[in-house]
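# sequence unknown, structure follows:
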C-alpha cells in the first residue's frame, strides 16, 4: 500500500498543500485531479521522495519515503511531468541504462518485454532525439515500468499522445492496475473516468472530493437527467408537456434546428424521471422521438463544481 498521512508543504509563506491524506492498495488506480497550481505535482514529488513535506508521512509498503528513501524508491516506478531523457541515446540503450541503474539481472529479456508493452519495438534502434513527442512520452513511461514495480506513480502519462496512443496506454494501465497500485495525475477528465477506480479532486492544496467516478458523477446536474431529440417546429408545447411529467423539475432546450429539438429534462432532487412516461406523452401528442436516454452525469461538471470559486 501507498499511504500518505497529513501531508502539508510550505514554500516560504505559501502553503502548497494542506493536510492531505489518502492511500492506494494493489488492484486500484487512483486518479489525482485538480486545476493548475492546485498542488498535484507537489504531492507527487513528496510521495516519490524528491521533496520532503513540511509535515506528514508517506509510506511505500513498510518504508517511510523520508527515512528509507532508497528502499522505498525501489518499490515504485515514477513518470514525472516533463520527464528527462537522453536524446543522444537510442531507445534500447536508454532502457538498458535504466535497467542497469535498477540492478536488473535479466536485462535484455525485460527490455524486450517493456518495448512490446509500450509499443516501442519499431523504434528501439532510433535515437530518442528523432522521435515524435508521443514516442518520447512512451519511452518515459517505459523507464517507469522497466523493473516491473508493485507501485506506479504517473504524472500526466498520456501527455503528447494522439487519441489512438492514449487509448493504448489506458488499456495498458487498466491491465496493470489489476496487480499494481497506481496513482495517476491527469487533467483529462475522460481519462480518469475511463481508467480510475477512485478519484481525488484537489483545489488550493486541499482535497475537496474523493470517491469513485460513478459516485462523484451524482453531484453533476446532469445525473439522471433525460436527454431527448424530437421532431418539432416550435418548442413551447413539448416543453410544457414534459414539464408536467412526474419528477421533472425543469426542461431546457439544448439545441434547436429547423424541424428538430434537443431537450434536457432535469429531475427533482433525489428523484428519477421515467423516460417511458415522456415517450408516452409525446407520442400521444404525435411527436416523433428520434432518440432518448438517461444521463449518468458528467465528471467535468463535478470538477468545476468543486474547483471553481462559489
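Everything's here; your move. Bear in mind that the values here come from a model prediction, so they are computed numbers and not experimental data.
# Let's verify residue 179: helix, strand, or coil?
Three-state call for residue 179 (DSSP: H, G, I helix; E, B strand; the rest coil): coil.
# Does it touch residue 29 like I think?
No - in this structure, residue 179 sits apart from residue 29 without contact. The criterion is Cβ atoms under 8 Å, and the distance is 11.4 Å. Glycine gets a C-beta too; all of them are placed from N, C-alpha and C.
# Compare neighbour counts for these two and give me the winner.
Between residue 179 and residue 29, counted using other Cβ atoms under 10 Å, the more crowded position is residue 29 (23 against 10).
# From residue 23, how far off is that one?
13 Å (Cβ to Cβ, to the nearest Å).
# Check residue 295 too.
Distance of residue 295 to residue 23, computed by Cβ to Cβ: 32 Å.
# These two: which is more packed in?
When neighbours are counted by other Cβ under 10 Å, residue 295 and residue 23 differ, and residue 295 comes out ahead with 18 against 13.
# quick one: contacts for that one?
For residue 295, the contact set (Cβ atoms under 8 Å, 6 or more residues apart in numbering) comprises 222-227.
# ok, now with 10 Å
With contacts defined as Cβ atoms under 10 Å, 6 or more residues apart in numbering, residue 295 is in contact with 217, 220-227, 264-267.
# Could you check how far it is from residue 302?
Between residue 295 and residue 302 the distance is 13 Å, computed by Cβ to Cβ.
# Quick check: neighbours shared by those two?
When contacts are counted by Cβ under 10 Å, 6+ apart, residue 295 and residue 302 have 217, 220-223 as shared neighbours.
# Out of the residues you listed, which two sit at the greatest distance?
Within the shared contacts of residue 295 and residue 302, 217 and 221 form the most distant pair, 10.5 Å apart (Cβ to Cβ).
# Just the pLDDT at residue 183, thanks.
Residue 183 carries a pLDDT value of 95.
# That one and residue 154 touch, don't they?
Yes - look at residue 183 against residue 154 with Cβ atoms under 10 Å: they come within range, at 7.0 Å.
# Now do the shared contacts for these two.
Taking Cβ under 10 Å, 6+ apart as the contact criterion, the common neighbours of residue 183 and residue 154 are 29, 32, 44, 78.
# By neighbours, which of these wins?
Note: the member of those with the most neighbours is residue 32, at 28 neighbours, neighbours being other Cβ under 10 Å.
# Next, give phi and psi for the closest residue to that residue other than its chain neighbours.
Closest residue to residue 32 apart from its sequence neighbours, by Cβ to Cβ, 6 or more residues apart in numbering: residue 185 at 4.3 Å. Here the main-chain torsion angles of residue 185 (degrees, to the nearest 10) amount to phi -90, psi 130.
# Can you tell me how far the nearest residue to residue 224 once chain neighbours are set aside is from residue 71?
For residue 224, ignoring the flanking residues on the chain, the nearest one in space by Cβ to Cβ, 6+ apart is residue 267 at 5.1 Å. Relative to residue 71, residue 267 is positioned 53 Å away (criterion: Cβ to Cβ).
# Which one's more surrounded, those two?
Shown here are residue 267 and residue 71; by other Cβ under 10 Å, residue 267 has more neighbours (21 against 14).
# just checking, the more buried one touches residue 294?
Yes - taking contact to mean Cβ under 10 Å, the distance of 9.5 Å between residue 267 and residue 294 places them in contact.
# what's the overlap in contacts for those two?
223-226, 273-274.
# Great, nothing more from me.
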